[in-house]
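A.B. asks: Got a sequence here, can you model it:
(chains A and B)
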Protein chains: 2
Amino acid sequence: MDVAVLGANGGIGRRLLPRLEEAGHEALAVVRAEEQFDRMRELGAEPHLGDLEGTFAPALNGADAVVFTAGSGGATGWDKTLMVDLWGARRAVDACEERGIDRFVMISARGAADPDTGYEPLRPYLVAKRCADDYLQRSSLAETVLRPTTLTDDAGTGRVTAAFTPAGGGADIPRADVAAAVGACLDDDATVGHTIELYGGETPVADAVHPEA
Amino acid sequence: MDVAVLGANGGIGRRLLPRLEEAGHEALAVVRAEEQFDRMRELGAEPHLGDLEGTFAPALNGADAVVFTAGSGGATGWDKTLMVDLWGARRAVDACEERGIDRFVMISARGAADPDTGYEPLRPYLVAKRCADDYLQRSSLAETVLRPTTLTDDAGTGRVTAAFTPAGGGADIPRADVAAAVGACLDDDATVGHTIELYGGETPVADAVHPEA
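C.D. replies: Numbers count the residues shown, from 1 in each chain, chains lettered A, B, ... in the order given. A predicted model of the protein is given here:
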């Protein structure tokens, strides 16, 4: 598959690109600046220029699947949360529908299931993620929503705990293992239609994200 | 009808309450503080305590219709736009569905139809309003979405221009005339399912918001 990654230069994106190539996919890395192209190529991806606050839809042309792992991050204002995490995600869903790109994997966040009970300073973020997730789930796309808990830069373990209904909590998870979970979902159509919380854990990723019959 | 007003102490809310009473409705004014109760009673409304960022659903008990004219306003951060204008509105829709309150009038904003072409500093606000409107429109409720342009505190004229598809623009509109339009919609079931932009204009309000057959 040709897999376009929105947020390719982020912590999960950079770990996802080489993994896609290893799995036999073609990774299209959508980034905001040409200065990022070399780095994307080094990670095994074909760089495309696109800005979630501006024009990015043409960068998706030719893709069979889209992974949304973009985020405005904690260093910018909540206005960017509205424009990137929420509106950018909605526009990405629309762009896929317009282009007939059927498969979509969303990196959401644990707590998006119930923002009112989330950590209070994070609630506006959880609202944005929840609304983006809802929009995707109500679209026509074949979607999987992944909701990892607190992310770390630790080395990946290849093992996670996955919860198909909201769990009370769990161990932090390395970004590398979230990237592995994205790859596993793209390779397992049984994950379509599922919303999966991700924690650090002991189950091999591909088994963890595969829903029980 | 018993009409609960969320944002009763705001510029549109305060103008709506006496109008509801004059039209033979019972106005339930949902406000955040008991200090606002006397003012609400002076405006002809029965005050109920409720906070859109906390608990407000019980304040809707007994209502036949809900008007959402709450907003975090320009003086607070975009986090409040997420928590009040977007999430508060979604929670209000949910609360109505849970209680069997079928009628809902949303005060949205011109430009919510296409946030990407809106005035740039306002775009995050337009995104929040758009997402709230979408959520309402996809609900089971009998809804009308009103999208007034720039609001003024001028005296009401009883006349407006209404656009049932997004117009390029138009004259500013007094808050009093938006309040009149809310009242007209509550009294005209033909407005259910419609999204109406509102501008200053020359057509009597009740005629303006009534869709042509």
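A.B. asks: Now the longest helix along chain A - C-alpha only, CSV.
C.D. replies: Counting residues, the longest helix found in chain A (DSSP state H) is helix A:123-137. C-alpha atoms of helix A:123-137 as CSV (Å, rounded to 0.1, in the frame of the first residue of the first chain):
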residue,chain,number,x,y,z
ARG,A,123,-9.4,18.6,28.7
PRO,A,124,-9.5,21.1,25.8
TYR,A,125,-7.1,18.8,23.9
LEU,A,126,-9.2,15.8,24.7
VAL,A,127,-12.3,17.6,23.4
ALA,A,128,-10.5,18.4,20.1
LYS,A,129,-9.3,14.8,19.7
ARG,A,130,-12.8,13.4,20.6
CYS,A,131,-14.5,15.6,18.0
ALA,A,132,-12.0,14.7,15.4
ASP,A,133,-12.4,11.0,16.1
ASP,A,134,-16.2,11.3,16.0
TYR,A,135,-16.0,13.0,12.6
LEU,A,136,-13.8,10.2,11.2
GLN,A,137,-16.0,7.5,12.7
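A.B. asks: Does residue A:2 touch residue A:24 like I think?
C.D. replies: No: applying C-beta atoms under 8 Å as the test, residue A:2 and residue A:24 come out as separate, 11.3 Å apart. The C-beta positions use only the backbone N, C-alpha and C, and glycine is treated the same way.
A.B. asks: Could you pull out the strands in chain A for me?
C.D. replies: Along chain A, counting by DSSP state E, strands occupy A:2-6, A:26-31, A:46-49, A:65-68, A:103-107, A:142-148, A:151-152, A:159-163, A:173-174, A:195-200, A:203-204.
A.B. asks: partner strands of the second one, parallel or antiparallel?
C.D. replies: Pointing back at strand A:26-31 there. When pairing is defined by DSSP bridges, strand A:26-31 lines up against strand A:2-6 (parallel), strand A:46-49 (parallel).
A.B. asks: can you tell which of these is closest to residue B:124?
C.D. replies: Of all the strands paired with strand A:26-31, it is strand A:2-6 that lies closest to residue B:124, at 19.2 Å by C-beta to C-beta.
A.B. asks: What mean pLDDT does that closest one get?
C.D. replies: Average pLDDT, strand A:2-6: 98.
A.B. asks: So what touches that strand?
C.D. replies: A:13, A:16-17, A:20, A:25-30, A:45, A:48, A:50, A:52, A:56, A:59-60, A:62-70, A:88, A:92, A:101, A:186 (C-beta atoms under 8 Å, 6 or more residues apart in numbering or on different chains).
A.B. asks: one more time with 6 Å, if that's ok
C.D. replies: Identification of contacts with strand A:2-6 by C-beta atoms under 6 Å, 6 or more residues apart in numbering or on different chains yields A:13, A:20, A:25-30, A:60, A:62-68, A:70, A:92.
A.B. asks: how long is stretch A:104-120 from one end to the other?
C.D. replies: 29 Å (C-alpha to C-alpha, to the nearest Å).
A.B. asks: just stretch A:115-129 next, same as before
C.D. replies: Using C-alpha to C-alpha, the end-to-end distance of stretch A:115-129 comes to 9 Å.
A.B. asks: near chain B, which residues of chain A show up?
C.D. replies: Within chain A, the positions lying close to chain B (C-beta under 6 Å from any C-beta of the partner chain) are A:78, A:79, A:82, A:83, A:87, A:124, A:127, A:131.
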